[in-house]
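A.B. asks: Need a 3D model of the following:
(chains A and B)
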Amino acid sequence: MANEYELNDVEVWDGNFAASQALRQAQVDVVAAYPITPSTPIVEGYGGYVANGYVDGEFVMVESEHAAMSGCIGASAAGGRVATATSSQGFALMAEVLYQASGMRLPIVLTVVNRALASPLNVRGDHSDMYLGRDSGWIQIDAFNAQEAYDLPLCAFKIGEHLDVRLPVMVHQDGFTTSHKAQNVYPMKDQIAYNFIGKFVPVDEMLDFTRPVTHGAQTEEDWHYEHKAKQHKALMDSRTVIDDVFAKFKELTGREYKRVETYMMEDAEVALVLLGSSVETAVLAAKQLRDEEGIKVGIVAPRCLRPFPYDLIRDALDTTSLKAVCCLDKSAPGGAMGALFNEVSAAAYTTKARPLMSNYIYGLGGRDFAVDEAKRIMKEQVAHANAGHITTDIQQFSGLRGPKLGFFQTRRG
Amino acid sequence: MVEIRWHSRAGQGAVTGAKGLGSVVATTGKQVQAYALYGSAKRGAAMNAYNRIDDEPIVNQETKMFPDYVFVIDPALAFTDDITKNDKPDTQYIITTHLSKDELIAKIPALQDKAERTYVVDCMQISLDTIGRAMPNTPVLGAFMKVSKLYELDFFLDNMKKVLSKFPQKIIDANMEAITRAYNEVK
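C.D. replies: As a prediction, this is how the structure comes out:
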C-alpha cells in the first residue's frame, strides 16, 4: 500500500505539479514516458512518488514519445491504470500511436501541456499540439488554471474508464502560463480523491490468461467502417457520462465544470469564444468592460474540445441579445480559418439568430494575451453588431507585429 | 491586488523566491500567483519572475504587469535591464547593490526621480555571509517585509521555515539569518 502524502488544505502549486499529484492520487499503475518541456515535471513527479513509496506503480523509461504511448497501450491492454504526459514535438511523434489507443478503446489518460510546434523551434505555449489531437478519437478536456490541472485528470480517469465509454482522455493545460505558474490549489485528501475515481476495472485484459483476447486486430473494408462508427458513437455518447462525472465532482468539492463554460452570456450582446488560460484573462476583460463602458460582453469556453460540444455551444449562442461572436484560435491555421471558428460557426449556423461570426488568430508561440487586447477585440465586435455586418476582414491576427494581416470579407449586410 | 516583478539571473533563485513568497502569503487566506518568463534560458541569463497577491481569486493570466514592487536581485541588472518598465507613480524598487542609495541613483538616470521610492540592500553580501554563496532570493524577501509592512518579521520567518522544511536545518537557519539581516539593513 502506498504511503499517504501530506497535503495542506491550500497548496501553492503550478499546473505541472498539480497534474502529477492527480496521477499519484489516482494510483496510476504504469507511466511510460519520454519527458519533454514544458510537461517534464508531471512524469518526473510521478517517478519521484514511485521511488519514495507514494504510489504503488511503475515508471517505464522509453526511447521516444512513440514508444511512450506504445508502452502505455501495452500496459493498458494488460489491464492497468495508465497515464503519461507530453507536449509539442513529443505529441507529434506520439500521433500515430494515439489513434491505436483510441481504436483499441484503452482508457489511458494523457496530460498534455500545450506548446507550439516547430519550426521555428519554440518551447512556449500555444494550442498547436492540442489541435493536432482533434481527430485522434480521444476525449479532450481543457484546464484553464492550476486548480483545474489538478481536478480534471481525476475526472478524466473516471470518464475514460466508465464502462459505457472506455476511451482514452487527454487533459490539456497551457505551457508555462498554467504549467509553470504557481497558484492556490485546494487538493483533496488521498483517500477521498482515490475513492472518487474508484478501483480500476479491467476489460478484456491480456493478463487474464483464462480468457485469451486479441487487441488491435486487422480489419479491412469488411469491418473497419463499423468499428470507426462505433468508436465515434462512443465519443458522442460520452457527453452524458462527462456531465455526470462533473456533477459528482461538484458534489464532492463544490467546484463545478461543464462541457462548455459560459460567463455573463445571459444578456450578452457580443461574445468571445476561446480556450485555455486566455479564457480567464478574457473573463476579466469582459467584467472590466461591463463596469467601465456598460458593454455587455460574454465569454464562451469549450471545456471539452472532444467530443465537440455542438449542443452546448449552440445553447450558449442561441440568445436573442447576441449579435456578434469572435472565435479566437491559438494555433497556426495552416491555410484555413481557425478550427475553433469553423466548428463554432457550424453550431451557430443552426441557431435562430445566427450572430455575426469572425475569427482571430492569437498567442502563437506564447505571445502574451493582454487584457487590453481582449477589450479591443470585444469593442470591435460591438462595431460589427452596430453595423449589422462584419466591418473587418473575417480572419484577423491579434498581437502580430508588422503589416496588418487579414483574410476574406463578409457578403452579408 | 499587489503585483511584484523580479529581475534576476537564471540560477539566483527568483522562481523559488517567488513561489516561497506565494506559499507564505497563501497560508494567510490570500490568493497568489508566482510565475516566471524564462523558457529555455540558461543559468546566468537575465530573466523575470512575477508575483500577484489579492484577496479574490486571480484570473488575470496576462504576463505583463504594472508592478507595485520591483525586486532587482542581481546588482548588474540594475544597469542593464529596463527595471523601471511599466512604472506606476507609486512603484517601489528594492535593489541589491553594494553601493549606497545615493551612489546607485546617481548612476541610474531612470531612478533619479524615484529616490523616495527606491530602497537598497546588499543581498549578495548578506547571502555570502550567511548562506555561504550568492543566493539573493530569500534575503530580498526580508527587505520586502520591511518596505511593504506586509507581515511582521517573526510571522514571515516562521512561515518561511515551513516552506524551506525539505532543506537541512543548517540551510534553514542560514536563510532565516539572511532574511533578518536584509530586513534590518534595507535603506
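
A.B. asks: Close to chain A: what parts of chain B are there?
C.D. replies: Contacts of chain B with chain A, taken as Cβ under 8 Å from any Cβ of the partner chain, map to B:18-19, B:22-23, B:26-27, B:31-36, B:39-40, B:57-64. Where you see a C-beta, it was placed from the backbone N, CA and C, and this is true even at glycine.

A.B. asks: show me what contacts residue B:132?
C.D. replies: Counting by Cβ atoms under 8 Å, 6 or more residues apart in numbering or on different chains, residue B:132 touches residue B:174.

A.B. asks: Where does the closest residue to residue A:255 other than its chain neighbours fall, secondary structure wise?
C.D. replies: Excluding the flanking residues, the one nearest residue A:255 by Cβ to Cβ, 6 or more residues apart in numbering or on different chains is residue A:151, at 6.0 Å. Assessed by DSSP states H and E, residue A:151 sits inside helix A:146-160.

A.B. asks: quick one: the helix or strand following that helix to helix A:146-160, angle?
C.D. replies: With elements assigned by DSSP H and E, the helix or strand that comes after helix A:146-160 is strand A:169-174. For strand A:169-174 against helix A:146-160, the angle by axes from the mean of the first three to the mean of the last three Cα atoms, to 10 degrees is 170 degrees.

A.B. asks: filter the residues of chain B next to chain A to the buried ones?
C.D. replies: Buried members of the residues of chain B next to chain A, counted by 16 or more other Cβ atoms under 10 Å in any protein chain shown: B:18-19, B:22-23, B:26-27, B:31-36, B:39, B:58-64.

A.B. asks: which residue ranges form the helices in chain B?
C.D. replies: Per DSSP state H, chain B carries helices over the ranges B:14-26, B:77-80, B:101-107, B:123-130, B:137-148, B:153-163, B:169-185.

A.B. asks: and the fourth one, what does it pack onto?
C.D. replies: Read that as helix B:123-130. With contacts taken as 3 or more Cβ pairs under 8 Å, 6 or more residues apart in numbering or on different chains; DSSP states H and E, helix B:123-130 sits against helix B:137-148, helix B:169-185.

A.B. asks: pLDDT on that helix, on average?
C.D. replies: What helix B:123-130 shows for mean pLDDT is 97.

A.B. asks: hmm, who's touching that helix?
C.D. replies: With Cβ under 8 Å, 6+ apart, helix B:123-130 has contacts from B:73, B:75, B:96, B:98, B:133-136, B:138-140, B:143, B:174-175, B:177-178, B:181-182, B:185.

A.B. asks: Does residue A:136 belong to a helix, a strand or coil?
C.D. replies: At residue A:136 the chain is in coil, as set by DSSP: H, G, I helix; E, B strand; the rest coil.

A.B. asks: got the phi/psi numbers for the closest residue to it other than its chain neighbours?
C.D. replies: Of all residues not flanking residue A:136 in the chain, residue A:98 sits nearest, at 4.2 Å (Cβ to Cβ, 6+ apart). Main-chain torsions, residue A:98, degrees, to the nearest 10: phi -60, psi -40.

A.B. asks: give me the number of residues near residue A:98?
C.D. replies: Neighbourhood size, residue A:98 [other Cβ atoms under 10 Å in any protein chain shown]: 22.

A.B. asks: so what's it up against?
C.D. replies: A:69, A:110, A:133, A:136, A:137, A:138, A:168 are the contacts of residue A:98 under Cβ under 8 Å, 6+ apart.

A.B. asks: one more time with 7 Å, if that's ok
C.D. replies: For residue A:98, the contact set (Cβ atoms under 7 Å, 6 or more residues apart in numbering or on different chains) comprises A:69, A:133, A:136, A:138.

A.B. asks: nearest to chain B, of those residues?
C.D. replies: Among these, residue A:133 lies closest to chain B (Cβ to the nearest Cβ), at 22.2 Å.

A.B. asks: Surely that closest one is in contact with residue A:170?
C.D. replies: Yes - using Cβ atoms under 7 Å, residue A:133 is in contact with residue A:170, at 5.9 Å.

A.B. asks: quick one, which of the two is more surrounded?
C.D. replies: Shown here are residue A:133 and residue A:170; by other Cβ under 10 Å, residue A:170 has more neighbours (26 against 23).

A.B. asks: Does residue A:184 touch residue B:30 like I think?
C.D. replies: No - using Cβ under 7 Å, residue A:184 is not in contact with residue B:30; the gap is 8.3 Å.

A.B. asks: higher neighbour count, these two?
C.D. replies: Counted by other Cβ under 10 Å, residue A:184 and residue B:30 do not tie: residue A:184 has more neighbours, with 22 against 18.

A.B. asks: got a list of what the residue nearest to residue A:81 when sequence neighbours are not counted touches?
C.D. replies: Among residues not flanking residue A:81 along the chain, residue A:200 sits closest, at 4.1 Å (Cβ to Cβ, 6+ apart). Residue A:200 makes contact with A:80, A:81, A:161, according to Cβ under 7 Å, 6+ apart.

A.B. asks: Next: residue B:174.
C.D. replies: B:130, B:131.

A.B. asks: And it, how far from residue A:210?
C.D. replies: Plainly put, residue B:174 is 62 Å away from residue A:210 if you go by Cβ to Cβ, to the nearest Å.

A.B. asks: and if you look at residue A:38?
C.D. replies: 44 Å.

A.B. asks: Between the two, tell me which one has more neighbours.
C.D. replies: Taking other Cβ under 10 Å, residue A:38 and residue A:210 do not tie; residue A:38 has more neighbours (29 against 4).
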